[in-house]
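> Below are the sequence and a predicted model for it; my questions follow.
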Amino acid sequence: MVYLTRKIEFSASHLYHNPAFSAEETRRIFGKCNNPHGHGHNYVLEVTVAGEPDPATGMVLDLKELKEILQCEVTDRMDHRFLNYEVPELAGQIPTCENIAAVIWRLLQPRITRGHLHRVRLYETPDLFVDCYGEGNGAGGAR
Amino acid sequence: MKLHLTRRYRFAASHRLHSDNLGEEENRRVYGKCNNPYGHGHNYVVEVAMSGPVNPSTGMIANLADLDAFVEREVIAPFDHTYLNEDVPVFRNHVPTTEHLCIEIFQRLSAFPDAKLERVRLEETGLNSFEYAG
């Protein structure tokens, strides 16, 4: 098995708010992330596809194809957007790194038809990231 | 789908690699420059990976403020700007290699109450890193 990783970046803003929380809970749980005008990050996304190289091409999948899938499913939807209001897949969810990574996993997983999607790693900052793996797709595999 | 949340932290500390089970010559041979009697230091980077269900009302596996406070109390405050061999009691009789330090950090952080500790990855320098998953 070979693991192939492609990296992209996108910039977006968001805010954390749950109308069910009191002002005190909001302050304690979301802190500065509750600023009503939002704030932004330069997100870095690493997408890892696992598979065997095709003997005819030597490739797990064509990187050009993966690049187009990432452009269409992630960059076009999320780059320079306010995630709370402009990304329907996140409607009704707090746009945390966990939830954004899970949305990206669900968008990409059916589009990867050569090899299989092994991991989505989303950096919100260089010191905070979330890894998303499929069920039974051993988080213990290549990291 | 399984999610891991990873946070990176930093601390600076000094140590000396020296085993009381080895003679002076053997210590010098095994540990080389790291056996320097006055010790030496590193800027350590700790990567802490947690897993668990995402709480639908917060969108989080664990609240970062709570995780940061826990790691600060259990690891950063006791280790930062210390001489590990003397200032951290467990290393008075236990060589503070980065392997041992990584295991010690894992054990300290495994008590985090809000999520499951999956892995600790410890960078001793930008070129050396160690991982421990229990």
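Thanks, I have it. Numbers count the residues shown, from 1 in each chain, chains lettered A, B, ... in the order given.

> contacts and neighbour counts: CA atoms only from here.
Fine.

> List the residues that contact residue 123.
Since you didn't name a chain, this refers to chain A. A:Tyr43, A:Val44, A:Leu45, A:Cys97, A:Phe129, A:Val130 (CA atoms under 8 Å, 6 or more residues apart in numbering or on different chains).

> sorry, should have said chain B
B:Glu123 touches B:Tyr44, B:Val45, B:Val46, B:Ser129, B:Phe130, counting by CA under 8 Å, 6+ apart.

> Identify the residue nearest B:Leu84 in space, chain neighbours excluded?
Spatially, and ignoring its direct neighbours in sequence, B:Leu84 is nearest to B:His15 (5.3 Å; CA to CA, 6 or more residues apart in numbering or on different chains).

> Can you tell me which of the contacts of B:Glu123 end up in helices?
Under the assignment DSSP state H, the contacts of B:Glu123 contribute nothing to helices.

> ok, and the most crowded of those?
B:Val46 (26 neighbours; other CA atoms under 10 Å in any protein chain shown).

> Wait, it touches B:Thr125, no?
No: judged on CA atoms under 8 Å, B:Val46 makes no contact with B:Thr125 at a distance of 10.9 Å.

> ranges for the helices of chain A?
So, for chain A - with DSSP H - the helices run A:23-30, A:63-70, A:76-78, A:83-86, A:97-108.

> and A:Gly92, how many neighbours?
11.

> how near is it to A:Asn18?
Distance, A:Gly92 to A:Asn18, by CA to CA, to the nearest Å: 9 Å.

> State the phi and psi torsions of residue 87.
All of this is about chain A. phi -120, psi 100 (degrees, to the nearest 10).

> try chain B instead
Here B:Asp87 shows phi and psi, under degrees, to the nearest 10, equal to phi -90, psi -20.

> Go ahead and flag the most central residue of chain A.
A:Ala101 (3.2 Å; CA atoms, centre = their mean).

> out of the helices of chain A, which comes closest to A:Thr125?
helix A:97-108 (9.9 Å; CA to CA).

> For that closest one, enumerate the helices and strands it packs against.
If you count contacts as 3 or more CA pairs under 8 Å, 6 or more residues apart in numbering or on different chains; DSSP states H and E, helix A:97-108 packs onto strand A:116-125, strand A:128-133, strand B:2-15.

> Mind doing that once more with 6 Å?
Contact here means 3 or more CA pairs under 6 Å, 6 or more residues apart in numbering or on different chains; DSSP states H and E; on that basis helix A:97-108 packs against no helix or strand.

> quick one: contacts of that helix?
A:Leu122 (CA atoms under 6 Å, 6 or more residues apart in numbering or on different chains).

> Could you check the angle it makes with strand A:116-125?
150 degrees (axes from the mean of the first three to the mean of the last three CA atoms, to 10 degrees).

> For helix A:97-108, what is the distance to the chain centroid?
Once both centres are worked out by CA atoms, centre = their mean, to the nearest Å, helix A:97-108 turns out to sit 4 Å from its chain's centre.

> Okay, angle between that helix and helix A:63-70 too, please.
Going by the same axes, to 10 degrees, helix A:97-108 makes 120 degrees with helix A:63-70.
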